[in-house]
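**Q** just the structure for this:
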Amino acid sequence: MADPYSFDWMALWPLITTALARKQTEAAVKLAEGLFPDSQHPIDDEVMSATKSAIDSWRKDEAETAMAQMKTALQTAERHHYI
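**A** Down below sits the predicted model:
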């Protein structure tokens, strides 16, 4: 997001959820990248680690792995009450 709001995760996680439900892995990954700027409020390491793994898999052209890892990241985010 263009503004300096430090809680973009509040908007990003529901959008990531929607992209995953639509099987739009690329969209989900691009949205997830928005969780990582330094300007963002820190999110639990377990959630960020799972999300980073999905992004890394996508960048390696491992679409199926990235989708599975994004689903795991989403479940982890839900468990930590980000969604």
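**Q** once you drop chain neighbours, what's closest to W13?
**A** I83 (4.8 Å; C-beta to C-beta, 6 or more residues apart in numbering). (C-beta placed from N, C-alpha, C; glycine too.)
**Q** am I right that the one you found is in contact with T17?
**A** Yes: with contact defined as C-beta atoms under 8 Å, I83 counts as touching T17 (6.5 Å).
**Q** if I look at these two, which residues touch both of them?
**A** L74 (C-beta atoms under 8 Å, 6 or more residues apart in numbering).
**Q** can you spell out which helices and strands pack onto the longest helix belonging to the chain?
**A** Taking DSSP state H as the criterion, the chain has its longest helix at helix 63-79. Taking 3 or more C-beta pairs under 8 Å, 6 or more residues apart in numbering; DSSP states H and E as contact, the helices and strands that helix 63-79 lies on are helix 9-21, helix 25-33, helix 45-59.
**Q** pLDDT on that helix, on average?
**A** Averaging pLDDT along helix 63-79 gives 95.
**Q** so where's the protein uncertain?
**A** Residues of the chain that meet the criterion pLDDT under 70 lie in 1-4.
**Q** report how many residues lie close to D61.
**A** A total of 8 residues lie near D61 under the criterion other C-beta atoms under 10 Å.
**Q** over to S6?
**A** 12.
**Q** who's in contact with it?
**A** Counting by C-beta under 8 Å, 6+ apart, the residues that S6 touches are S39, Q40, H41.
**Q** alright, calling it a day.
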